[in-house]
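the sequence isn't on hand, but the structure is:
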């Protein structure tokens, strides 16, 4: 029941959050988690996109040679190329960071 001259109660919802998370293009500090690896099944497009995203993440955010075998076959030409790429990233980063 409302008192004459008043408009009854109103409920206000809290404002929706407008916070977005932006992943930096390069971090090299472990702050960007690895993308999910999809490397089984028959959705070959999803498998390719997953392996490609992991490769980019490794080069851009966490150049660790021990992670290469997560998405390539150890001993393959692709593995050797990836190891070389990651080691070049590590060397380049170490050279730039010297005082």
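Received, thanks. Owing to the predicted nature of the structure, the values given are computational and were not obtained by experimental measurement.

and for residue 68, the neighbour number?
When neighbours are counted by other Cβ atoms under 10 Å, residue 68 registers 23. Bear in mind the C-beta positions are built from the backbone N, C-alpha and C, glycine included.

do you know how far the closest residue to it other than its chain neighbours is from residue 74?
What sits nearest to residue 68 in space, not counting adjacent residues and going by Cβ to Cβ, 6 or more residues apart in numbering, is residue 82, at 4.6 Å. The gap separating residue 82 from residue 74 is 10 Å, by Cβ to Cβ, to the nearest Å.

looking at the two, which is more packed in?
Under the criterion of other Cβ under 10 Å, the comparison of residue 82 against residue 74 puts residue 82 first, with 20 against 9.

which of the helices or strands spans the more buried one?
Residue 82 is part of helix 77-96 when elements are defined by DSSP states H and E.

now do that helix: distance to the chain's middle.
Relative to its parent chain, helix 77-96 has a centroid offset of 19 Å by Cα atoms, centre = their mean, to the nearest Å.

that one packs against which elements?
Using 3 or more Cβ pairs under 8 Å, 6 or more residues apart in numbering; DSSP states H and E, the elements in contact with helix 77-96 are helix 44-61.

got the angle for the helix it packs on vs helix 77-96?
Comparing the axes of helix 44-61 and helix 77-96 via axes from the mean of the first three to the mean of the last three Cα atoms, to 10 degrees yields an angle of 20 degrees.
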